[in-house]
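Asker: Pasting the sequence and the predicted coordinates here, then a few questions.
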Amino acid sequence: MEMSKRALIVEDDGNIAELLRLYLEKDGFEVAHAADGGKGVELAASFEPDVLLLDIMLPVKDGWQVCREVRSFSKAAIIMLTAKGETEDKISGLEMGADDYVTKPFEPKELLARIHAVLRRAGEEGAPAAKRLEFDKLVINLDSYELVVDGTKIDTPPKEMELLYHLAATPNRVYTRNQLLDEVWGFDYFGDSRTVDVHIKRLREKLEGVSDQWRLKTVWGVGYKFEVGEA
């Protein structure tokens, strides 16, 4: 049986912390809580969480300091809890090593989806080569965000790269549009499935006819897959 994931909540508002605890435990997480930044750093070291939910305005040490210190010894996914509209906070947090941010007030379901998304991404990053995929006349390098088609580097927007990588990382697996919206765009984007269609269309323009060993295929009525033929 898979071991339960550990979540550490560092939040001085008791009501928010308790709400988070309830949702996380219901979702199968083992949960610890710290009400100030100093205790948060200590617990991050002893509890060894998989994910850290970190408020910015904290007693003793603020969220920035906690993020910096925890990142120096832990690979835990860090999600910052920011006040509404504090764009600079979000940028600062991401620069310090946070993986994502959620704006208060937040929907617990949205937060859980983000937690699962960052844990999925962390899982994909196990081996150094995990972010580079090679096929006939095609290199998808997500570390450097470079797409090389038939020996030529092709300018490709980040979301197109992420979509192509996501599909190609599990060849021949069919993804629905909603799965791709959730897993590639996450909850940064509240849109409809036509967004996926537009990105697939642009990728096809770059990749059409390059090789007969693979292709971006539409599975009618379902979604898309990166189809690889038998070697």
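Answerer: Thanks, I have it.
Asker: What helix or strand is the residue nearest the centre of the chain located in?
Answerer: Geometric centre of the chain, nearest residue: Val118, 3.7 Å, by Cα atoms, centre = their mean. In this structure, Val118 sits in helix 108-124 according to DSSP states H and E.
Asker: What lies in contact with the next helix or strand after that helix?
Answerer: Reading on from helix 108-124 to the C-terminus, the next helix or strand found by DSSP H and E is strand 132-135. Strand 132-135 has contacts (Cβ atoms under 8 Å, 6 or more residues apart in numbering) with Val139, Ile140, Asn141, Leu142, Asp143, Tyr165, Ala168, Ala169, Ser211, Gln213, Trp214, Val228. Glycine gets a C-beta too; all of them are placed from N, C-alpha and C.
Asker: Now do the buried residues in strand 132-135.
Answerer: Leu133 (16 or more other Cβ atoms under 10 Å).
Asker: Work out the sheet partners of it and label each with its direction, please.
Answerer: strand 138-141 (antiparallel) (DSSP bridges).
Asker: from the middle of its chain, how far away would the strand it pairs with be?
Answerer: 20 Å (Cα atoms, centre = their mean, to the nearest Å).
Asker: The helix or strand following that strand - contacts with which helices or strands?
Answerer: The first helix or strand that comes after strand 138-141 along the chain, using DSSP H and E, is strand 146-149. Applying 3 or more Cβ pairs under 8 Å, 6 or more residues apart in numbering; DSSP states H and E, we find strand 146-149 packed against strand 138-141, strand 152-154, helix 194-207.
Asker: burial of Leu81, as a residue count?
Answerer: When counting by other Cβ atoms under 10 Å, one arrives at 24 neighbours for Leu81.
Asker: Could you report the separation of the residue nearest to it when sequence neighbours are not counted from Ile79?
Answerer: The shortest distance from Leu81 to any non-neighbouring residue, by Cβ to Cβ, 6 or more residues apart in numbering, is to Asp55 (4.8 Å). For Asp55, the distance to Ile79 equals 10 Å [Cβ to Cβ, to the nearest Å].
Asker: Fine by me, thanks again.
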